[in-house]
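Engineer: Predicted structure and sequence below. I'll ask about it afterward.
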Amino acid sequence: MAARLVEPVDVGERAGAVATVERRRGGPAVAERARPAAVRAAPETAQDLAIEAVGLERRFGEFVAVDRVDLVVRRGEIYGFLGPNGAGKSTTTRMLCTLTAPTGGRATVAGYDVVKDPDAVRLRIGAALQSAALDNQQTGTELLRQQGRYYGLTKQEIDARLEELRSLVDLGDALDDRIKGYSGGMKRRIDLAAALIHNPEVLFLDEPTTGLDPVSRGKVWDEVRRLNRELGTTIFLTTQYLEEADELADRVGIIDRGKIVAEGTPEELKRSVGSDVVLVRVDDVDAARRAVEAVPGVDGVEVHHDELTASVAEGPAAVSPTAVALAAAGVRVQSLTLRAPTLDDVFLTLTGNRLQEGED
Ligand SMILES: Nc1ncnc2c1ncn2[C@@H]1O[C@H](COP(=O)(O)OP(=O)(O)O)[C@@H](O)[C@H]1O
Ligand SMILES: [Mg+2]
């Protein structure tokens, strides 16, 4: 966790970022520009969009990791970027954060082009990414102060921000302990605080809760909501957890193999599957599929391993005809469940796979 923008990972970028900071320390005009208040004044051309990507692409050799992705994220929105491992979430995020160069398309963040104006983008965004490590010898406070200095904040500004962040990240006295003693959840939260030190307009969170226990996950969710509500921060959050996207995001983009396969509010996306789904586990999926497809009221059937997912308009009415049809076809049913659609059902319908396959 924790590639911060001041310590980017790609070749040459670290030097670039540090040079920016040194320049900023050099003269009053530049230092002024780095203050959060000044930072918020974006040019007229910035419209109301926090993020816009058009045909954004990233290849690694022949391999297309991000395939012509279009994104529109409005200011003040929480946007959930949902997809399985390897879908291209981090690569997209890193391009938007100016840490990885696109090989095609374009993107603006906070009104500035990520390729033409990376410094302007970096000043306006915060990022808690998947890749880098925290310095275990530092205390939380030291990390935050260092980060504030990187962004050109004065000592007074940093002091004021530390007070605000102290309550936000809920680390209490642990802020003055070395990071090496922190739990996984505490490390995420200090990393989040570091991403927020300069009051960014747009916050990027790359899988902020992967590997966290449910309690820590809930805390991160609360913080994300609070930031969005109280500071109006636009949040671009990647996740492989459908519940997370469903809970937090105003709008969700589902990405698979580098392509956006669906986008909308969680409600819209789920409605696209049907009003209910009937899940059936069986021994013979082929026979079961034929039987269930013929049931009136069944709009579509997806097969995944030994499980059938039938989209139905009226769930309760579909259950007994489905059971009867399966029995008539001689299929042995292991379980039959009726439930509301999830974003995982949306993903299944679009890709033929389950999102959380192989997850523990
Ligand atoms: N630096 C790189 N070189 C080669 N392939 C990469 C590199 N970074 C990512 N990839 C590949 O691009 C695909 C998308 O990766 P990533 O964006 O990390 O996915 P996600 O974050 O959704 O798990 C994966 O197949 C990954 O192996
Ligand atoms: Mg990733």
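Structural biologist: On my side now, so go ahead. Ligands and ions are numbered 1, 2, ... in the order given.

Engineer: Relative to residue 134, how far out is residue 321?
Structural biologist: Separation of residue 321 from residue 134 (CB to CB, to the nearest Å): 56 Å. No exception for glycine: its C-beta is placed from N, CA and C like everyone else's.

Engineer: Surely residue 64 is in a strand?
Structural biologist: Yes - secondary structure of residue 64 (DSSP: H, G, I helix; E, B strand; the rest coil): part of a strand.

Engineer: got the residues of the protein near ligand 2?
Structural biologist: 89-90 (CB under 5 Å from the ion).

Engineer: residues contacting the closest residue to ligand 2 within the chain?
Structural biologist: With CB to the ion, the shortest gap between the chain and ligand 2 falls at residue 90, namely 3.1 Å. Neighbouring residues of residue 90 by CB atoms under 8 Å, 6 or more residues apart in numbering: 129-131, 206-207, 238.

Engineer: Recalculate using a threshold of 10 Å.
Structural biologist: With contact set as CB atoms under 10 Å, 6 or more residues apart in numbering, residue 90 has these partners: 3, 65-66, 81, 99-100, 129-131, 206-207, 238.

Engineer: Nearest residue to residue 290 in space, please, no chain neighbours.
Structural biologist: residue 329 (7.0 Å; CB to CB, 6 or more residues apart in numbering).

Engineer: same check, this time on residue 291
Structural biologist: residue 329 (3.9 Å).

Engineer: again with residue 185
Structural biologist: Residue 185's closest residue in space is residue 216 (CB to CB, 6+ apart), at 3.2 Å.

Engineer: what do you get for residue 162?
Structural biologist: Nearest residue to residue 162 in three dimensions, chain neighbours excluded: residue 144, at 5.9 Å (CB to CB, 6+ apart).

Engineer: quick one, strands of the protein?
Structural biologist: Here the chain has its strands, by DSSP state E, at 49-60, 63-74, 78-82, 104-109, 112-113, 125-128, 202-206, 234-239, 251-256, 259-264, 276-282, 298-304, 307-312, 333-339.

Engineer: Format those as CSV; extra columns: mean neighbour count and mean pLDDT.
Structural biologist: Conversion of those to CSV gives the following (neighbours: other CB atoms under 10 Å; pLDDT from 0 to 100):
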stretch, mean neighbour count, mean pLDDT
strand 49-60, 19, 98
strand 63-74, 19, 97
strand 78-82, 26, 98
strand 104-109, 20, 98
strand 112-113, 19, 96
strand 125-128, 26, 94
strand 202-206, 25, 97
strand 234-239, 26, 97
strand 251-256, 24, 97
strand 259-264, 17, 96
strand 276-282, 21, 95
strand 298-304, 17, 93
strand 307-312, 24, 94
strand 333-339, 12, 95
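
Engineer: Serialize those strands to TSV and add fields for distance to ligand 1.
Structural biologist: TSV is the format used below for the strands of the chain (distance: least, CB to the nearest ligand atom, whole Å):
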stretch	distance to ligand 1
strand 49-60	3
strand 63-74	3
strand 78-82	8
strand 104-109	15
strand 112-113	21
strand 125-128	14
strand 202-206	7
strand 234-239	7
strand 251-256	7
strand 259-264	12
strand 276-282	25
strand 298-304	20
strand 307-312	23
strand 333-339	27
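
Engineer: if I look at the residue most central in space within the chain, how far off is residue 209?
Structural biologist: Most central in the chain under CA atoms, centre = their mean is residue 238, positioned 1.5 Å from the mean C-alpha point. Going from residue 238 to residue 209 by CB to CB gives 11 Å.

Engineer: residues near the residue nearest to residue 290, how many?
Structural biologist: Number of residues near residue 329 (other CB atoms under 10 Å) recorded here: 16.

Engineer: Then residue 188?
Structural biologist: Look at residue 188: counted by other CB under 10 Å, it has 28 neighbours.

Engineer: can you pull the pLDDT of it?
Structural biologist: On the pLDDT scale, residue 188 is placed at 85.

Engineer: Tell me who's in contact with it.
Structural biologist: Counting by CB under 10 Å, 6+ apart, residue 188 touches 1-2, 128, 134, 169, 182, 205, 207-212, 216-217, 219-220, 223.
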